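A.B. asks: Prediction below, plus the sequence it came from.
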Protein chains: 2
Amino acid sequence: MIGGGQLARMTHEAGIPLGIRFKLLSDTPVDSAALVAGEVVVGDYRDLDTLRAFAAGCDVITFDHEHVPTEHLRALEADGIAVRPGPDALVHAQDKGVMRARLDSIGVPCPRHRIVSDPADVTRFAEEGEGYPVVLKTVRGGYDGKGVWVVRDEAGAAEPFRAGVPVLAEEKVDFVRELAANVVRSPHGQAVAYPVVESIQVDGVCDTVIAPAPELPEARSSQAQRLALTIAKELGVVGHLAVELFETRDGRILVNELAMRPHNSGHWTQDGAITSQFANHLRAVLDLPLGDPRPRQPWTVMANVLGGDYPDMYAAYLHCMARDPQLKIHMYGKDVKPGRKVGHVNTYGDDLAEVRERARHAADYLRGTIQE
Amino acid sequence: MIGGGQLARMTHEAGIPLGIRFKLLSDTPVDSAALVAGEVVVGDYRDLDTLRAFAAGCDVITFDHEHVPTEHLRALEADGIAVRPGPDALVHAQDKGVMRARLDSIGVPCPRHRIVSDPADVTRFAEEGEGYPVVLKTVRGGYDGKGVWVVRDEAGAAEPFRAGVPVLAEEKVDFVRELAANVVRSPHGQAVAYPVVESIQVDGVCDTVIAPAPELPEARSSQAQRLALTIAKELGVVGHLAVELFETRDGRILVNELAMRPHNSGHWTQDGAITSQFANHLRAVLDLPLGDPRPRQPWTVMANVLGGDYPDMYAAYLHCMARDPQLKIHMYGKDVKPGRKVGHVNTYGDDLAEVRERARHAADYLRGTIQE
């Protein structure tokens, strides 16, 4: 796996029972996954020679993030390396312009959008629809709210162009909530769909995930799952595909973003599903039969633990374990910095309000925003 | 953790979400746990200097097996190292003579037993009770049926004495089945008890575990749990304690063996309990609050996967995953040798017969004893 973040850490964890030899290419020896994996190569994923040397010892390579240059992945494929997801699929998670064009071509509903050339062009885009505000995104390099701007006028539209990267304009969707439809697909085409979840963002960062999405009509849930399965098939995705969705006020489902790797919206599956997204991602990229994606109980809630003002979370950690012996804590081994994702908690049970309160309490207590 | 077997492998797996830095002392770099752990020291656990150098970097040391010499553990404790379970407790899992004497002194029911000096003394022991057969055990060094003999006459009683180790004689208990009562205890005395399980042995090796033990009367289950909690407390155990029990034909519960580490009879907890034995062992030895030991569904069955005649299990592995997408496979990364424990499977659900058949089928298919 290329990239040493928490997704790689949790993928290694899931690979241990599967008997998988997990080799990691990490930026540093102290990245989240590098702290716990057995075979760690420290190197730069932007360097093709490093990638080639790393990949030579692997049956298949897969990813913790989308940042490996597409042309390097094509070079590895040309060398005969199994790259999963392959560059022809992954480019749709790397480049939002390519993604939107492709989803349009296969008839997947998206927010109104087009590539814009300068602030004046943003105003023209706004006037083609409902006017400002408009969402601007650099087509590459964004994540967790970075590389995304909501602009209210032409003057505010200048900044996204400063990076010299193509800029995509999108309508600001009037959504009631965000959903995620997560599926996993194998090289030979087997696919499984997890229950559609509700994803609650705070400041552009995923905060809470509720599985399944409460009060989502069965027809809309099926529509979202079919949409994700169609995207996975049409784009040739291998591995876990997260399709982030807007549920609009008028009852439509629009695709927001794609990620072709384990995803924050699927962390609930570690404790809430029969097979976790991490195990199924590995099973897919290794072309093993996929595991059952169904939930193990009525409700599971995931809440991210962000770093707070106190670098030492140990006392809070003890308190949360003692308060709720059913709490499932997942720490990433990272130094605490304010706002940094340092872990998450999962809770599950029959009563959504109670399950949600337990997750919320633990995440807030670990961050230090509550003291009781 | 000292010892690189599958118990250490699965303990490391359980430690990843807890954010624990896991350091391993392993006999070789290719032991089961050494293949997946981040910090591996290769060295001999029988060498005190090696132990001292290893322990110097640890907040606490714990064990994959009982084979570290008791006097070395006392030396580490004298150095100020936190050894959990400590030598004063662990000696009862290392030396069956010490264990029996201690259990007698605290009134725990055991099979009739005493240390015997030679074959003639075995005959005297037999005549003190119901006669032959008699079970003989070397007081140290046995596991999985090794170091245990069932002898039918005085001539057959010679072999156990050849090792020059003290020999314990025990009545051959007329049991209807074997049970295990597993508990976890913290340094400050918090303890949790897992449901009592039935353990089915084949040729002295654990084959299948059913959780909870079917048709075990509530009173007997509570008695077994209380017995295990009493032993943990009286012996000062820290960490996971497995108490292997005989359920006799006349309805008594007798202690067979003790293990002070995660144990084969607790592997079902990985997929069947809210908190696994591995996570709770770590929480105990690190003096963290313990997790909920309750089962997540009515029945869980664990079946060990033994190596068969075919070294390549890959095709069987694919078949089992495809046949049962709910199957939880746990492989140890070991080379396949006939009869060697190379993994286990867990199944769970509402219908014991179906759950048991699924586990049995997968274990037999992986071993190669069935082909369909």
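C.D. replies: Sure, I can see it. Numbers count the residues shown, from 1 in each chain, chains lettered A, B, ... in the order given.
A.B. asks: For the residue in the stretch 201-350 of chain A positioned nearest to chain B, which residues are in contact?
C.D. replies: Nearest residue of the stretch 201-350 of chain A to chain B, counting by C-beta to the nearest C-beta: residue A:331, 3.0 Å away. Yep, even glycine has a C-beta here, placed from its N, CA and C like the rest. Residue A:331 makes contact with A:305, A:317, A:342-343, B:17-19 under the criterion C-beta atoms under 8 Å, 6 or more residues apart in numbering or on different chains.
A.B. asks: Residue A:232 too?
C.D. replies: Contacts for residue A:232 were tallied using C-beta under 8 Å, 6+ apart; they are A:183, A:185, A:191, A:241.
A.B. asks: The first one and residue A:228 touch, don't they?
C.D. replies: It stands for residue A:183. Yes: using C-beta atoms under 8 Å, residue A:183 is in contact with residue A:228, at 4.5 Å.
A.B. asks: Return the distance of the closest residue to residue A:2 other than its chain neighbours relative to residue B:39.
C.D. replies: Distance criterion C-beta to C-beta, 6 or more residues apart in numbering or on different chains; nearest residue to residue A:2, sequence neighbours excluded, is residue A:25 at 4.7 Å. Distance, residue A:25 to residue B:39, by C-beta to C-beta, to the nearest Å: 19 Å.
A.B. asks: out of those two, which sits in the more crowded spot?
C.D. replies: residue A:25 (27 against 14; other C-beta atoms under 10 Å in any protein chain shown).
A.B. asks: before we move on, back to that, of all the contacts of residue A:331, which comes closest to residue B:122?
C.D. replies: residue B:18 (48.0 Å; C-beta to C-beta).
A.B. asks: My read is that that closest one contacts residue B:282, right?
C.D. replies: Yes: contact criterion C-beta under 8 Å: residue B:18 and residue B:282 qualify, at 6.1 Å.
A.B. asks: who touches both of the two?
C.D. replies: residue B:288.
A.B. asks: neighbour count winner among those two?
C.D. replies: Neighbours were counted for residue B:18 and for residue B:282 using other C-beta under 10 Å; residue B:282 has more, 26 against 21.
A.B. asks: from memory that one sits against residue B:15, does it?
C.D. replies: Yes: using C-beta under 8 Å, residue B:282 is in contact with residue B:15, at 5.3 Å.
A.B. asks: Run through the stretch 101-250 of chain A and note the low-pLDDT ranges.
C.D. replies: Where the stretch 101-250 of chain A drops to pLDDT under 70, the residues are A:142-145.
A.B. asks: OK, now which residue of it is nearest to chain B?
C.D. replies: Checked against chain B (C-beta to the nearest C-beta), the nearest residue in the stretch 101-250 of chain A is residue A:192, 8.1 Å away.
A.B. asks: Wait, that residue touches residue A:186, no?
C.D. replies: No: counting by C-beta under 8 Å, residue A:186 is not a contact partner of residue A:192; they are 9.2 Å apart.
A.B. asks: Mutual contacts of the two, please.
C.D. replies: residue A:290.
A.B. asks: residue closest to the middle of chain A?
C.D. replies: Residue closest to the average C-alpha location in chain A (C-alpha atoms, centre = their mean): residue A:263, at 3.1 Å.
A.B. asks: pLDDT value on it, please?
C.D. replies: We have a pLDDT of 98 for residue A:263.
A.B. asks: Equivalent analysis for residue A:71, please.
C.D. replies: For residue A:71, the pLDDT comes out at 96.
A.B. asks: swap in the one 4 residues further on?
C.D. replies: On the pLDDT scale, residue A:75 is placed at 97.
A.B. asks: Pull out the buried positions in the helix or strand where it lies.
C.D. replies: Assigned by DSSP states H and E, residue A:75 falls within helix A:70-78. Neighbour counts over helix A:70-78 (16 or more other C-beta atoms under 10 Å in any protein chain shown) mark A:70, A:72-73, A:75-76 as buried.
A.B. asks: again, but for stretch A:198-210
C.D. replies: A:198-199, A:206-210.
A.B. asks: Nearest to residue B:64 among those?
C.D. replies: Nearest to residue B:64 among the buried residues of stretch A:198-210, with distances taken as C-beta to C-beta, is residue A:209, at 35.8 Å.
A.B. asks: Residue A:150 contacts residue A:173, correct?
C.D. replies: No: contact between residue A:150 and residue A:173 fails when scored by C-beta under 8 Å: they sit 11.1 Å apart.
A.B. asks: Contact distance from chain B - what residues of chain A qualify?
C.D. replies: Within chain A, the residues that sit near chain B (C-beta under 8 Å from any C-beta of the partner chain) are A:9-10, A:12-13, A:16-19, A:21-22, A:34-38, A:40, A:270, A:274-275, A:283, A:288-292, A:296-297, A:317-318, A:321-322, A:325-326, A:328-333, A:343.
A.B. asks: In terms of packing, which of residue A:150 and residue A:173 has more residues around it?
C.D. replies: A side-by-side neighbour count of residue A:150 and residue A:173, using other C-beta under 10 Å, places residue A:173 first with 18 against 13.
A.B. asks: that's a helix at that one, yeah?
C.D. replies: No: Residue A:173 is assigned coil when assessed by DSSP: H, G, I helix; E, B strand; the rest coil, not a helix.
A.B. asks: Quick check: phi and psi on it?
C.D. replies: phi -70, psi 130 (degrees, to the nearest 10).
A.B. asks: show me the contacts for it.
C.D. replies: Counted by C-beta under 8 Å, 6+ apart, residue A:173 has contacts A:111, A:246, A:248, A:254, A:256.
A.B. asks: Next: residue A:177.
C.D. replies: Contacts of residue A:177 (C-beta under 8 Å, 6+ apart): A:198, A:200, A:213, A:247.
A.B. asks: quick one on the thing from earlier: which element is the residue nearest to residue A:2 on?
C.D. replies: Going by DSSP H and E, residue A:25 is in strand A:23-26.
A.B. asks: Can you list the buried residues in the next helix-or-strand element following that strand?
C.D. replies: The helix or strand immediately downstream of strand A:23-26 is strand A:39-42, counting by DSSP H and E. Residues of strand A:39-42 classed as buried by neighbour count (16+ other C-beta under 10 Å): A:40-41.
A.B. asks: Next: stretch A:158-174.
C.D. replies: So, applying 16+ other C-beta under 10 Å, buried residues of stretch A:158-174: A:160-161, A:165-173.
A.B. asks: quick revisit: what's the closest of the contacts of residue A:331 to residue A:47?
C.D. replies: residue A:342 (28.6 Å).
A.B. asks: Next, that closest one: phi, psi?
C.D. replies: When quoted as degrees, to the nearest 10, the phi and psi of residue A:342 stand at phi -110, psi -10.
A.B. asks: Next: residue A:172.
C.D. replies: Taking degrees, to the nearest 10 as the convention, residue A:172 sits at phi -80, psi 110.
A.B. asks: Report the beta-bridge partner residues of residue A:184.
C.D. replies: Per DSSP bridges, residues listed as beta-bridge partners of residue A:184: residue A:192, residue A:240.
A.B. asks: dump the residue contacts of it.
C.D. replies: A:191-192, A:194, A:239-241, A:277, A:280-281, A:283-284, A:290, A:293.
A.B. asks: which one's the longest helix in chain A?
C.D. replies: helix A:218-235 (DSSP state H).
A.B. asks: That helix: how far from the chain's middle?
C.D. replies: On the basis of C-alpha atoms, centre = their mean, to the nearest Å, helix A:218-235 sits 17 Å off its chain's mean C-alpha point.
A.B. asks: which parts of that helix are buried?
C.D. replies: Neighbour-count burial for helix A:218-235, counted by 16+ other C-beta under 10 Å, picks out A:220-221, A:223-225, A:227-232, A:234-235.
A.B. asks: Also stretch A:330-345?
C.D. replies: A:330-334, A:336, A:341-345.
A.B. asks: before we move on, back to that, setting aside sequence neighbours, what's the nearest residue to the residue nearest to the centre of chain A?
C.D. replies: In space, residue A:263 is closest to residue A:242, 3.5 Å off (C-beta to C-beta, 6+ apart).
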